[in-house]
Every structure is written in structure tokens, then in C-alpha cells.
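In: Build me a structure from this.
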Amino acid sequence: MQKKKTITKLNSNYMEQYDAYIERQKRKKKRLYRRLALFLILVAIAVGSMAVYHFQQRALHIEKAEEYKLLKEEIANLKKAEDKYKEEIELLNDEEYILEIARTKYFLSKEGELIFKTPDDDTSY
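Out: Prediction:
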């Protein structure tokens, strides 16, 4: 058998003030939890935004690094081609080189010289 406790609440001025105080404390605590929840949501949004921005920037950096590498290789190839063209320009300034090209490519001959074309010759320079 359980004993039933019966407590009677006194309706006094002090008890009314105390109940109002307790109610105010509950409302304060409820507002505090709401403010904390709002603050946490704002912090989560800010952190999430920064994380997304960070990963976008990392992806962009990787893309730019690859593009930089390709452009660097392209510059190296262009410099090689430039050196080749400079060398060719120097050779083209030499009259004997031009005469040699004319003899092999266009079958021009020196005086008294005969040129015979054979099927094995490759004259497509």
C-alpha cells in the first residue's frame, strides 16, 4: 500500500511572488535556449559557408596549378621552336645553304653537272 501525500498550497502573497519568479526564470531559460539555438545555427551557417568557399578555392587552385604546368610546358616548346627558327634564319642568310636547298629540292644543278632522280630519293623537304 502506498501512502498518498497530500500537500496543500498556501495562497499567500509570498507564494504568488515565488510562483511568478519561477515562471520568469523558466521564460528566461527558454529565451536563453532559443538564443543559443539561433546562435548555433548562425555559427553553423558561417562555418559551412567558409568550408564550401575553402573547398572551392582548393579546387580552383588545383585547376590553376595544372593550367600553369601546361603553359610552362608550352613555353618550353615554343622556346625550342624559336631557337630552331633562329638557327634556320642564320642558315638562310648563308648563300651556300640556299644553293644546296635549291639543288636538292628543285633539281638545280651547277654548270656542267647532271642530276639523275632515282626512286629511292626523297626530295620532299
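In: So for residue 109, what pLDDT did the model give?
Out: Looking at residue 109, its pLDDT is 71.
In: Quick check: it vs residue 118, distance?
Out: According to C-beta to C-beta, to the nearest Å, residue 109 and residue 118 sit 15 Å apart. Just so you know, the C-beta spots here come from the backbone N, C-alpha and C atoms, and that holds for glycine as well.
In: With residue 65 instead?
Out: 55 Å.
In: Mind checking which of the two has more residues around it?
Out: residue 65 (10 against 5; other C-beta atoms under 10 Å).
In: so where does that one fall, helix or strand?
Out: Assigning secondary structure by DSSP states H and E places residue 65 in helix 13-92.
In: packing partners for the helix or strand following that helix?
Out: Next helix or strand after helix 13-92 toward the C-terminus (DSSP H and E): helix 95-106. With contacts taken as 3 or more C-beta pairs under 8 Å, 6 or more residues apart in numbering; DSSP states H and E, helix 95-106 sits against no other helix or strand.
In: how close does residue 27 get to residue 47?
Out: Distance from residue 27 to residue 47, by C-beta to C-beta: 30 Å.
In: Over to residue 18?
Out: Taken as C-beta to C-beta, the span from residue 18 to residue 47 is 43 Å.
In: Could you do residue 3 as well?
Out: Residue 3 is 55 Å from residue 47, by C-beta to C-beta.
In: between these two, which one's more packed in?
Out: Neighbour totals were compared for residue 3 and residue 47, and residue 47 leads with 10 against 5 (other C-beta under 10 Å).
In: any idea how far that one is from residue 59?
Out: Using C-beta to C-beta, we find residue 47 at a distance of 19 Å from residue 59.
In: what does residue 105 give?
Out: From residue 105 to residue 59 the distance is 53 Å (C-beta to C-beta).
In: same check, this time on residue 49
Out: 16 Å.
In: next one: residue 83
Out: For residue 83, the distance to residue 59 - C-beta to C-beta - is 37 Å.
In: Residue 97 now?
Out: For residue 97, the distance to residue 59 (C-beta to C-beta) stands at 53 Å.
In: ok, now which ones touch residue 91?
Out: Contact analysis of residue 91 by C-beta atoms under 8 Å, 6 or more residues apart in numbering lists residue 97.
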